[in-house]
Each structure stands twice: as structure tokens, then as C-alpha cells.
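**Q** sequence first, predicted coordinates after that:
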Amino acid sequence: MRNIKLTIEYDGTAYHGWQVQPNLNTIQGTLQEKIGVIAGESVLLIGAGRTDAGVHALGQVANFRTESRRPLEAFRKGVNSLLPPDIAVRGVEEVSLDFHSRLDAKGKVYEYRILNSPVCSPIRRRFSWHVPQRLDLSRMEEAGRVLLGTHDFTSFRSAGSDNLNPLRTLTGLEILKDADGVISIRIRADGFLKQMARNIVGTLVEVGRGARDPEDLEEILRMRDRRRAGIAAPPRGLFLVEVEY
């Protein structure tokens, strides 16, 4: 028996998220099917995280066990030859049998992209949230600093979460803007609750617009009430950048 670790990139626009769902097109389901063809057997692909419908990944990690003796490079090339163009296996490595892509993860990095310009770009619209109003980055950065450290993030957890522990530790929140008006909000944490990254971004945008004050974030955390935080940013601007081990 072998344990194979994959690093995967995908455009999530056409998919109902990562996790297999009956009669729906998903990233996990598509990959499992193609890996099974190359391995010559059914496999169970375990992902490091369940990205939502429409969310993308630059560095999703997954693993599966197989009795196939195919070389690693043959797995990469073979699976990629069968995948649709919006999913690609970037890396393949053999790991110990006790490696688990989700349980062994020490942290994740997400990046959210906002197109902050008067006119929406037809090219960038699939991979960013168009916000035409000017955003004050200094106010957003001030609000983001409130979230650093270990907190109960219930106010930023969407309904339907199956995670009983709302405590998470944010170790980084960086906001940058390039010359084309694209704002990148990169968030690093030991883990994320359901739609937590999108809910944080939606709240920061409200601060940037002037609809909230940066210090409001302290009250939002304290109240532990999802209704206190801002809207969920659209999924199309979110990327899972890295899984840390």
C-alpha cells in the first residue's frame, strides 16, 4: 500500500465546491474518478479543506492510498491528461502511510482579491469581487489587526458549520493594492471555520467603505453572533493559496 500526496490548482467557477455531492460536479469527485482510471482501482481522495462552490485553489493538498505501482510522474501526467482544463495536479509525492492531508495540517493561507476600480474588468471578473467605491486600506488594516491572535470566531462562522470548536488563531493578515486597483487580502491561520475568510473580507470592506469603524471588530468578536459581522464576500475572489504542515 502507498500513500500519495497531491498539490492541486483549480478554477472553482464551474464546481459545487470540493466535497463530493450526489449528482453535482465537484473537484473531489472529478479528481477521484480520474485518479481511479490511472491507478486501475477506486480511491478515496482526502482533501486538506473543503472549499466552497466557486472558490479557487493555488495550493490545495490531498492524499489517497493505492496499491498501484505506477511511478509518481506517470500519476501526474496521466491524471492531468484526463482532467478538464480548470483542474491540474501540480505536484505528486509519496508520503508515509500515516499522513493525512486534513488532520496533519498546521495552518492554511487564503487570499481574497478585490477589484477596487470604477469599472469592472471583464477579464478579472471571474477571479475577484468588483467594489467600485473607494476603499480606505489604512482603516481596513487597523480593523484586521484586531483579529490577530486567538479568538472565538463564531461571529465570522456561517450557518451549517460542523466544527464544534470556534477558536482559531490568526497569525497574519496582510492587505496590498497593485497598480491595476486589485486589493489582495491574505489571511494566515491555524484553521478556518465555514466561510470565515469570506465573512472577514466582507466585514473589512464595510470598514473600508466607512460603514463601520475599525474598533467595531472588537465588539463583533465579543458578541459571538454572525448577524453582527458583515456580508460574506462572493466566492469568486477567494483562493486557497497554501496548506502548511
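**A** Noted; the coordinates are in hand. Bear in mind that the values here come from a model prediction, so they are computed numbers and not experimental data. Numbers count the residues shown, from 1 in each chain.

**Q** where does the residue of the chain most remote from its centre sit: helix, strand or coil?
**A** Centroid-distance maximum for the chain: R69 at 31.9 Å, with C-alpha atoms, centre = their mean. Under DSSP: H, G, I helix; E, B strand; the rest coil, the three-state class of R69 is coil.

**Q** return the residues in contact with it.
**A** Contact analysis of R69 by C-beta atoms under 8 Å, 6 or more residues apart in numbering lists nothing. All C-beta spots, glycine's among them, are computed from the backbone N, C-alpha and C.

**Q** show the pLDDT at it.
**A** In this prediction, R69 carries a pLDDT score of 97.

**Q** now do it against I4, distance only.
**A** 12 Å (C-beta to C-beta, to the nearest Å).

**Q** isn't G47 right next to S101, touching?
**A** Yes: shown here, G47 and S101 form a contact pair, counting by C-beta atoms under 8 Å, at 6.3 Å.

**Q** what touches both of those two?
**A** Counting by C-beta under 8 Å, 6+ apart, the residues touching both G47 and S101 are 61-62.

**Q** where do the strands sit along the protein?
**A** 2-10, 46-47, 56-66, 87-95, 107-115, 129-130, 149-152, 167-177, 182-189, 238-244 (DSSP state E).

**Q** report the buried residues of stretch 13-20.
**A** Taking 16 or more other C-beta atoms under 10 Å as the neighbour-count basis, stretch 13-20 is seen to contain the buried residues 15-20.

**Q** of the residues you listed, which is the nearest to E242?
**A** Among those, W18 lies closest to E242 (C-beta to C-beta), at 15.7 Å.

**Q** quick one, what contacts the closest one?
**A** 26-28, 47, 49-51, 60.

**Q** show me those that map onto helices.
**A** Members of those lying in helices (criterion: DSSP state H): 27-28.

**Q** what's the closest of the contacts of W18 to L238?
**A** Ranked by distance to L238 (C-beta to C-beta), these are led by T51 at 7.8 Å.

**Q** excluding residues flanking it in the chain, which one is nearest that closest one?
**A** W18 (4.7 Å; C-beta to C-beta, 6 or more residues apart in numbering).

**Q** same question, Q19
**A** Nearest to Q19 is R50, by C-beta to C-beta, 6+ apart, at 4.7 Å.

**Q** rewinding a little: in a markdown table: the buried residues of stretch 13-20, plus pLDDT and distance to V205.
**A** A markdown table is the format used below for the buried residues of stretch 13-20 (pLDDT from 0 to 100; distance: C-beta to C-beta, whole Å):
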| residue | pLDDT | distance to V205 |
| --- | --- | --- |
| Y15 | 98 | 25 |
| H16 | 98 | 25 |
| G17 | 98 | 23 |
| W18 | 98 | 25 |
| Q19 | 97 | 27 |
| V20 | 96 | 32 |
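
**Q** just for this protein, where's the confidence low?
**A** Filtered on pLDDT under 70, the chain yields no residues whatsoever.

**Q** who does I46 form a beta bridge with?
**A** Counting by DSSP bridges, I46 forms beta bridges with N63.

**Q** what's the most distant pair in the contacts of W18?
**A** Most distant of the contacts of W18, by C-beta to C-beta, are T26 and G49, 13.6 Å apart.

**Q** I figured A143 was touching G210, is that so?
**A** No: with contacts counted by C-beta under 8 Å, A143 stays clear of G210, the gap being 11.8 Å.

**Q** neighbour count: those two, which is higher?
**A** Each of A143 and G210 has its neighbours counted (other C-beta atoms under 10 Å); A143 has more, 25 against 12.

**Q** leaving out sequence neighbours, find the closest residue to the more buried one.
**A** Excluding its sequence neighbours, the residue lying closest to A143 (C-beta to C-beta, 6+ apart) is P214, at 3.9 Å.
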